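S.K.: The following block contains a protein sequence and its predicted model.
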Amino acid sequence: MSISEIACTYATLILHDDGISVTPEKINTLVKAAKVDVESYWPALFAKLVEKRNVEDLIANVGSGGGGAPVSAAAPASGGASAAAAAPVVEEKKEEPKEESDDDMGFSLFD
């Protein structure tokens with residue numbers, strides 16, 4: 001992101017947080033008060049974005065864009081999906097047989 005984009009982003013967030021309508025003029029006012037030079041098209045782009053999209057939705061989706069589709073579990077082959085989903089999976093515990101030590105055999109490798 002460029003400095004111009006970041007400045008307009010912060011100006012837009014400030015205006016939205018204060019409940020003030022977001023317009024290119026108001027974004028320019030905030031950016032100039034912060035002594036940041038921005039290209040003239042950025043404030044208008046941000047104002048149009050806020051006009052078409054809800055700022056709170058944009059904030060809630062920060063960091064989620066551009067990725068692949070979410071991974072989902074495979075569906076069961078039978079029709080009883082709701083009963084299978086509601087039943088908890090019981091994990092069986094198998095006891096491993098204890099290994100016998102060489103001391104119990106009465107001889108060793110180096111005798």
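M.R.: Alright, I've got the coordinates. Residues are numbered from 1 along each chain as shown.
S.K.: so what pLDDT did the residue lying closest to Ile20 once chain neighbours are set aside get?
M.R.: Leaving aside its sequence neighbours, Ile20 sits nearest to Lys26 (CB to CB, 6 or more residues apart in numbering; 6.5 Å). Every residue, glycine included, has its C-beta placed from N, CA and C. On the pLDDT scale, Lys26 is placed at 94.
S.K.: Remind me which helix or strand Lys26 belongs to.
M.R.: Assessed by DSSP states H and E, Lys26 sits inside helix 24-33.
S.K.: ditto for Ser64
M.R.: Using DSSP H and E, Ser64 is not contained in any helix or strand.
S.K.: Neighbours of it, how many?
M.R.: Neighbourhood size, Ser64 [other CB atoms under 10 Å]: 8.
S.K.: any idea how far Val22 is from it?
M.R.: Between Ser64 and Val22 the computed distance is 22 Å (CB to CB, to the nearest Å).
S.K.: again, but for Phe110
M.R.: Look at Phe110 and Val22: by CB to CB, they are 84 Å apart.
S.K.: what about those two, which has more around it?
M.R.: Remark: of Phe110 and Val22, Val22 carries more neighbours, 21 against 4, as counted by other CB under 10 Å.
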